[in-house]
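[1] Sequence and predicted structure, then a few things I'm wondering about:
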2 protein chains.
Amino acid sequence: MVINPLAETRARARTRSAILRSAASVLARNRTATLPEIADAAGVGRTTLHRYFPDRESLLRATTDNSVQALQQSLVDADVHQGSTADAMRRVVGAMVAAGDHLLFLFGDPAALATTTSWPTEDPVYELIERGQAEGVFDTEVSARWIQHSLWALVYRGCEDADRGELPLHGVAATVIRTLETGIRAR
Amino acid sequence: MVINPLAETRARARTRSAILRSAASVLARNRTATLPEIADAAGVGRTTLHRYFPDRESLLRATTDNSVQALQQSLVDADVHQGSTADAMRRVVGAMVAAGDHLLFLFGDPAALATTTSWPTEDPVYELIERGQAEGVFDTEVSARWIQHSLWALVYRGCEDADRGELPLHGVAATVIRTLETGIRAR
DNA sequence: CCACAATGGAACTCTCACGCTCCACAATTG
DNA sequence: CAATTGTGGAGCGTGAGAGTTCCATTGTGG
């Protein structure tokens, strides 16, 4: 009956991604969450969790890789090379906000990002920032790296505020973009 | 010999604050750090650590309270009511950066801030922001709360970058202020 | 429809951080 | 310079979470 023992059945694929999604969500909010907590959130038994990810570390690695991939896909969808630099940056913010839990998980744990091997060497967002600086659209007094980190920081904070109900989810992107583009000064 | 059994001797006070300082520093970088790690960082034996803080939770509470107080003191020194709103805000950024490890510890752990009882109800920075909005100096399209959170996010990120050597410590405040005031757009 | 993949509860061991105690030694303070 | 306070190493019991196995039950999918 087994046609291809290497291929995951649909059931396994569904379970696997349910676990990864819940893991990112739970760990984003409490990085010391226990395995049973994660299993419960995924609607899965602790035994099943162990069957997919033998130990905690492999679950963390898989969750990190999965979140990196989800975030990247979201950025690809944003199509950074389309239209003006400013418009592209706005789409980037929207894309990151859309990545939600994945972003909160990744940037909430300094260790996670530091140890992952799946972080792309080619970063379309970083290139976009450099492009914007070369075009005279973005500030050249600060480094491209800092601009990128400012972007991360504000989007992260926006997502967290939304998560706590301090900011309506549909307004996060607009608010972040406004502050990112022109700061907190009145115009 | 005991003159006042309630008063801490100088030695005890020194040890206590050494522990609290190290705890904030170590826990900011790894919130699951073990007690021996914290004791080592403070140059103190594990036994002594336990003598001052019977269990992990009491150490965490004390460290949180201590960091809140240090940050507050730093803000008091910044003298928010002195001079123009813009200048005051610049001093606030400098004060927060100076708080360094305390800030990284406090804002790095969502749970720490949520459970502390020592967070002041009167927040001079929040009042400064409201004042700035009323004066037409700060953006009124976004909430005062969001401006405050943007401030936190950027200062936090700046401190972290400095900690990782991605940003020179003496440039953190200036960089954060620039981005905070006018965003990432070129002028 | 029915074989087999997939699941999850129960129960076990193992590890490791924690909390605690005791006692010899060092530092302080008057 | 003593009397007392403060320190820290060694070592032990405890408990929570991790990792494992077994087996009865469920439910996918050909």
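    It's in.

[2] how about the residue of chain A found nearest DNA strand C, what does it touch?
    Using C-beta to the nearest atom of the strand, the closest approach of chain A to DNA strand C is made by A:G45 at 2.4 Å. The C-beta positions use only the backbone N, C-alpha and C, and glycine is treated the same way. Residues near A:G45 by C-beta atoms under 8 Å, 6 or more residues apart in numbering or on different chains: A:A39.

[3] wait, does the helix or strand harbouring A:I177 contact chain B?
    Assigned by DSSP states H and E, A:I177 belongs to helix A:172-182. Yes. With C-beta under 8 Å from any C-beta of the partner chain as the criterion, chain B is reached by helix A:172-182 at A:T175, A:R178, A:T179, A:L180, A:E181, A:T182.

[4] Quick check: the fourth one vs A:A98, distance?
    I take that to be A:L180. Going from A:L180 to A:A98 by C-beta to C-beta, to the nearest Å gives 16 Å.

[5] neighbour count winner among the two?
    A:L180 (23 against 18; other C-beta atoms under 10 Å in any protein chain shown).

[6] In this structure the more buried one contacts A:V93, no?
    Yes. Using C-beta atoms under 8 Å, A:L180 is in contact with A:V93, at 7.0 Å.

[7] out of the residues of helix A:172-182 next to chain B, who has the most neighbours?
    Going by other C-beta under 10 Å, A:T179 tops the residues of helix A:172-182 next to chain B with 27 neighbours.

[8] contacting residues for it?
    Counted by C-beta under 8 Å, 6+ apart, A:T179 has contacts A:L154, B:D139, B:V142, B:W146, B:I147, B:S150, B:G183.

[9] Show me what from chain A comes close to DNA strand D.
    Taking C-beta under 7 Å from any atom of the strand as the measure of proximity, chain A contacts DNA strand D at A:1, A:3, A:9-11, A:34-36, A:46-47, A:50, A:54-57.

[10] at 10 Å what do you get?
    Counting by C-beta under 10 Å from any atom of the strand, the residues of chain A lying close to DNA strand D are A:1-4, A:7-14, A:32-39, A:45-51, A:53-60.

[11] Those residues, buried ones only, as a ChimeraX selection?
    In ChimeraX, a selection of the buried entries from the residues of chain A next to DNA strand D looks like this (16 or more other C-beta atoms under 10 Å in any protein chain shown):
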select /A:33,37,38,39,49,53,59,60
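
[12] Where helices are concerned, which of the residues of chain A next to DNA strand D count?
    Those of these mapping onto helices are A:10-14, A:35-39, A:46-51, A:56-60, per DSSP state H.

[13] one step back: now, which of the residues of helix A:172-182 next to chain B sits nearest B:L167?
    Closest approach to B:L167 among these (C-beta to C-beta): A:L180, at 18.2 Å.

[14] returning to that earlier point: which of the contacts of A:T179 has the most neighbours?
    Busiest of those [other C-beta under 10 Å] is A:L154, holding 28 neighbours.

[15] close to chain B, is the host helix or strand of that one?
    Secondary structure from DSSP H and E places A:L154 in helix A:144-163. Yes. Contact of helix A:144-163 with chain B (C-beta under 8 Å from any C-beta) involves A:145-147, A:149-154, A:156-157, A:160-161.

[16] how much does that helix deviate in direction from helix A:172-182?
    Relative orientation of helix A:144-163 versus helix A:172-182 (axes from the mean of the first three to the mean of the last three C-alpha atoms, to 10 degrees): 150 degrees.

[17] Assign a three-state SS to the closest residue to A:W152 other than its chain neighbours, would you?
    Among residues not flanking A:W152 along the chain, A:F107 sits closest, at 6.0 Å (C-beta to C-beta, 6 or more residues apart in numbering or on different chains). The three-state assignment at A:F107 reads helix, by DSSP: H, G, I helix; E, B strand; the rest coil.
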